[in-house]
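Novice: For reference, the sequence and a predicted model appear below.
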Amino acid sequence: QSSLTMFGVVDAAVTYTTGSGPASTSRWQLTNSANSFSRLGFRGNEDLGGGLSAGFWLEEGLMNDTGTGFPSNTNNQLNGTAGLGTQTFNRRSTVSLTSSTLGELRLGRDYTPTFWNTALFDPFGTGSGIGANQLYFSGLGGLQAPTGTRASNSIGYFLPANLGGFYGSVMYAMGENISNSTLPATPGALPVPNKNDGRYGGIRLGYQSGPFHVSIATGLTTYATGDLRVSNLGASWTFEQLMGLRVMGEYYVESLGAVDGKGALLGFILPVGPGEIKASYARYVRQPVGNVPDPTTSKLALGYVYNFSKRTAVYATVARLTNSNGASQALTGVTTSPNHASTGGETGVRVAF
Amino acid sequence: QSSLTMFGVVDAAVTYTTGSGPASTSRWQLTNSANSFSRLGFRGNEDLGGGLSAGFWLEEGLMNDTGTGFPSNTNNQLNGTAGLGTQTFNRRSTVSLTSSTLGELRLGRDYTPTFWNTALFDPFGTGSGIGANQLYFSGLGGLQAPTGTRASNSIGYFLPANLGGFYGSVMYAMGENISNSTLPATPGALPVPNKNDGRYGGIRLGYQSGPFHVSIATGLTTYATGDLRVSNLGASWTFEQLMGLRVMGEYYVESLGAVDGKGALLGFILPVGPGEIKASYARYVRQPVGNVPDPTTSKLALGYVYNFSKRTAVYATVARLTNSNGASQALTGVTTSPNHASTGGETGVRVAF
Amino acid sequence: QSSLTMFGVVDAAVTYTTGSGPASTSRWQLTNSANSFSRLGFRGNEDLGGGLSAGFWLEEGLMNDTGTGFPSNTNNQLNGTAGLGTQTFNRRSTVSLTSSTLGELRLGRDYTPTFWNTALFDPFGTGSGIGANQLYFSGLGGLQAPTGTRASNSIGYFLPANLGGFYGSVMYAMGENISNSTLPATPGALPVPNKNDGRYGGIRLGYQSGPFHVSIATGLTTYATGDLRVSNLGASWTFEQLMGLRVMGEYYVESLGAVDGKGALLGFILPVGPGEIKASYARYVRQPVGNVPDPTTSKLALGYVYNFSKRTAVYATVARLTNSNGASQALTGVTTSPNHASTGGETGVRVAF
């Protein structure tokens, strides 16, 4: 009663993106992961009897347009990332003991509790597509943060599965700095102790029943230069009478040291025959120190996915990203002038296995 | 009706190579891939019904003498190669949709159409063995060129399989430079736009029927510093009455900017019981700018392979490489003086799975 | 009658280590491989008939606390290690031909004969745990030596299996330097030829029958800066009447150029129900040039392993490392003052597959 599984996704798309304004660029690319993140994984499970089981999960991200992989981050700090292009089990690398009544203890590199709502309550998720969650791409605690998606050196606990729709998890992850660790000293200043840099603590609680799903999460990553705090709430409702329309939304607040950010997202997925229509609108506001207007970014995305089977799909997406109050975010791979828009389109194939 | 397959080759050989002349060196090595290129791969296929199927292919090259892998090239340009020794799916990383009547659409990193004739119409192929195709090792558009073997960011189309022996494919691959990309400026000169550097387009057409096989291919890689053009023709005939003797040849022309090269190869494979005798002779001429003699390199290789089974073989090869008109090519890992020869021998074991 | 197997270990532990004295540090970590070394491997075997078989083995080490891997060493020399964090088949990468009567010929990267006694005759082995073999961690020819564990570019021969308890192997591995290779010249000195640097030769012989097991090994790695010589003897006796108590020991001598080292280890494993109690005491003495006291390091380790199944276990270890005569070795990840102790504890989960 033990299992060993190889699994993955290979997803590639032709993508055109462009900025606007004097400082803008445009680009044609073959991109990966626009519908679902490309990956290769190995996982297994052993039934130990008495409701107890053990398992492992090793999963690496793929940039299959070029055959390369992703580095991991070894200490949950900005200096902890290894070289570009290498393959690592950056997506997940865990060993678990699970009791059907007590829950799961999980050790290793895993998703942070504060990540999940951003991915699950967005019709386009957090992949590399042009429609993907703008709060995640713009945010202080999203793609760019060492603990924005996953944490290394983590100890996780998950509630058991049979709680009438309630679920939850907590994670504690270590930066593993030595006891007398300090930041590189600046001239004329005393070294700043940073023993706890890269330490993450977070919690997520949710409830899913019938058409309804809601989840909240909050987390704190410790840095001597200013802690990173992320909190978010996601919810969705599936209207079975309206062709199975699923409407969803997310609210997101964060801070990194003295800088704050907040955002919200609304979206839907509408099944149409073997396909589905997806749309989302997200708005993210950075709140800088001082009396200046808050840089604001919005993204509108519209997509269609045609499912040949559960595993195989073709898809197309268009997206438009707008900036105001000095913001200059752009779609993947290009630049746009401050307060100018960036637009793009993509079409691709996804195979899961 | 879906499949998931792990496959590969592990091939290792003891190799001695030496140059000659005052500047020559010699070397003993444990090499890899002298009979077939060492690799580890994962591929799968899903039957979607109605003659349609979807598939993926992830394949990494191995240097199994040391346990290391190969970097990929992410932009089809000389600066696009990641660190040495890392493992990537450098050999192939693709997702496909295939129709039995319309052919295959393939996205990702894949072989260029202009590569195949060099590998298929040489008894020793293009691996790391001392007998391997000299046109490939000497040439401007072979081993050293970012698109000499494979291209990243590619869109490929393959004719369907049932065309009475005819087959064909085209590939378009992107360098993915941004719209205002320029080469690093040289002092006193204006920056040179290179938006299209690394863009590859190529086509291959062939016919195989009974004892006869012929294939032609041509391709162009765009570079602001001078385009790379490669064309080749390969053909083979199998004489069933002469113990199954297969005679083959290749003609190869290329240019990189103002420099030209051309070459030709003749070879045969003679089955003898469970083994086979192989031989090839190749001659490559570089045509530099100006009124100087053309550097010329020739390689003569002779080999024997003993097949324990379809998967497992032991083999031995000897090769001699000669230079004239100032050429100084040498067998793997050593150097030889200009106009001097390089010789070597290897014996090894190959297991496929 | 051919096989293809995916296998591995994922082992993670929460670890606290500390030094003592004014220069000491302490550290909390999530570590890997404290009970068994984490790995992912692919191996296969083909029966060729007549007692002959062929096989391959590709195995990579894992740091599953972060999802990263280990570089390999490509030339058995200190400069032969690639970048940190990358995944390679650093643990083993071999192709084999095996005859049931003549033995096995194995080519590639493999364990050196001089490594095995250190791992097999220590209750804690040579993993990353705090209890692991101190001779291996302190020694000149252990963890730090390019050929202390494995060698690349190796040719190995193993005696056949049916010799009444006797077994043995020899290995010859190449540094693969070119014939005129020299060390980087120091100012005012002539370059020193080092064609043979990284060349390893070693042999191991053993006998195992009933409760008794003994093995000796010796090896030489050639370096122009001073050869590395390692010899060791391990033995164990299993007392079936004493609850299956297995008592074991190792004696170890080595030299690197003019510096000598020697050490010894005693340990036991006592099965208790589904678990086992383990303990070891090791002492290692460095013998430097000149009339100074010999730096000496000792480690005492005590552990308990609870086996849920053959594959899954939880475990805990405590260890204390003491220094004298100026030695300052410490447990993993921390520092201790000269002649001061380092102590630690760890508890974790191991899953094998």
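Specialist: Sure, I can see it. Note that the coordinates shown come from a computational prediction; the quantities given were computed from them, not determined experimentally. Residues are numbered from 1 along each chain as shown, chains lettered A, B, ... in the order given.
Novice: can we go C-alpha only for contacts and neighbour counts from here?
Specialist: Noted.
Novice: any low-confidence regions in chain A?
Specialist: Residue ranges of chain A with pLDDT under 70: A:82-85.
Novice: Break down it into its helices, ranges please.
Specialist: For chain A, the helices defined by DSSP state H occupy A:116-120, A:134-138.
Novice: near chain B, which residues of chain A?
Specialist: Within reach of chain B by CA under 8 Å from any CA of the partner chain, chain A has these residues: A:10-13, A:25-31, A:64-69, A:83-87, A:308-309, A:312, A:333-334, A:349-351, A:353.
Novice: Can you select the buried ones from those in PyMOL?
Specialist: A single PyMOL command selects the buried members of the residues of chain A next to chain B (16 or more other CA atoms under 10 Å in any protein chain shown):
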select buried, chain A and resi 10+11+12+13+25+26+27+28+29+30+31+64+65+66+67+68+69+83+85+86+87+308+312+333+334+349+350+351+353
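Novice: If the residue lying closest to residue A:166 once chain neighbours are set aside is in a bridge, with which residues?
Specialist: Leaving out its chain neighbours, the residue that sits closest to residue A:166 by CA to CA, 6 or more residues apart in numbering or on different chains is residue A:207, at 4.4 Å. When assigned by DSSP bridges, residue A:207 has beta-bridge partners residue A:166, residue A:214.
Novice: can you give me the strands in the stretch 51-200 of chain A?
Specialist: Chain-ordered strands for the stretch 51-200 of chain A, with DSSP state E, counting those that start in this stretch as the definition, fall at A:52-63, A:68-69, A:92-99, A:103-111, A:150-158, A:166-173, A:199-209.
Novice: Dump these into TSV; add distance to residue B:42 as well.
Specialist: Shown next, in TSV, are those (distance: least, CA to CA, whole Å):
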stretch	distance to residue B:42
strand A:52-63	13
strand A:68-69	15
strand A:92-99	19
strand A:103-111	24
strand A:150-158	26
strand A:166-173	33
strand A:199-209	35
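Novice: show me what contacts the closest residue to chain C within the stretch 201-350 of chain A?
Specialist: Nearest residue of the stretch 201-350 of chain A to chain C, counting by CA to the nearest CA: residue A:201, 14.6 Å away. Neighbouring residues of residue A:201 by CA atoms under 8 Å, 6 or more residues apart in numbering or on different chains: A:170, A:171, A:172, A:173, A:219, A:220, A:221.
Novice: The second one reaches residue A:217, doesn't it?
Specialist: So that's residue A:171. No - applying CA atoms under 8 Å as the test, residue A:171 and residue A:217 come out as separate, 11.2 Å apart.
Novice: Spell out which residues are contacts of both of the two.
Specialist: A:113, A:202, A:203.
Novice: most surrounded residue in these?
Specialist: Within the shared contacts of residue A:171 and residue A:217, most neighbours by other CA atoms under 10 Å in any protein chain shown means residue A:113, with 27 neighbours.
Novice: quick one on the thing from earlier: from residue A:214, how far off is the residue nearest to residue A:166?
Specialist: According to CA to CA, to the nearest Å, residue A:207 and residue A:214 sit 5 Å apart.
Novice: and what of residue A:168?
Specialist: Applying CA to CA, the value for residue A:168 to residue A:214 is 12 Å.
Novice: And for residue A:179?
Specialist: Relative to residue A:214, and taking CA to CA, residue A:179 is found at 40 Å.
Novice: ok, now residue A:288?
Specialist: 30 Å.
Novice: Might one say that residue A:308 is in contact with residue A:315?
Specialist: No - at 10.7 Å, residue A:308 and residue A:315 do not qualify as touching, with contact defined as CA under 8 Å.
Novice: ok so, going back, how about a markdown table for the helices of chain A, with distance to chain C and mean neighbour count added?
Specialist: Below are the helices of chain A laid out as a markdown table (distance: least, CA to the nearest CA, whole Å; neighbours: other CA atoms under 10 Å in any protein chain shown):
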| stretch | distance to chain C | mean neighbour count |
| --- | --- | --- |
| helix A:116-120 | 19 | 21 |
| helix A:134-138 | 22 | 25 |
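Novice: Residue C:231 is nearest to which of the ones you listed?
Specialist: Checking those against residue C:231 by CA to CA gives helix A:116-120 as the closest, at 54.0 Å.
Novice: and that closest one, what does it pack onto?
Specialist: If you count contacts as 3 or more CA pairs under 8 Å, 6 or more residues apart in numbering or on different chains; DSSP states H and E, helix A:116-120 packs onto strand A:212-222, strand A:228-239.
Novice: now for the last one, which elements pack on it?
Specialist: For strand A:228-239, the contact count by 3+ CA pairs under 8 Å, 6+ apart identifies helix A:116-120, strand A:212-222, strand A:245-256 as packing neighbours.
Novice: follow-up on the earlier one: mind checking the strands of the stretch 51-200 of chain A for the one nearest to residue B:94?
Specialist: Taking those one by one with CA to CA, strand A:52-63 is closest: 10.4 Å.
Novice: is that closest one anywhere near chain C?
Specialist: Yes - Strand A:52-63 lies within reach of chain C by CA under 8 Å from any CA, at A:54, A:55, A:56, A:58.
Novice: Go ahead and build a ChimeraX selection from the buried members of those residues.
Specialist: To isolate in ChimeraX the members of the residues of strand A:52-63 next to chain C that are buried, counting by 16+ other CA under 10 Å, one can use:
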select /A:54,55,56,58
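Novice: Please convert the residues of strand A:52-63 next to chain C to JSON lines, extending it with distance to residue C:104.
Specialist: Shown next, in JSON lines, are the residues of strand A:52-63 next to chain C (distance: CA to CA, whole Å):
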{"residue": "A:54", "distance to residue C:104": "36"}
{"residue": "A:55", "distance to residue C:104": "35"}
{"residue": "A:56", "distance to residue C:104": "33"}
{"residue": "A:58", "distance to residue C:104": "33"}
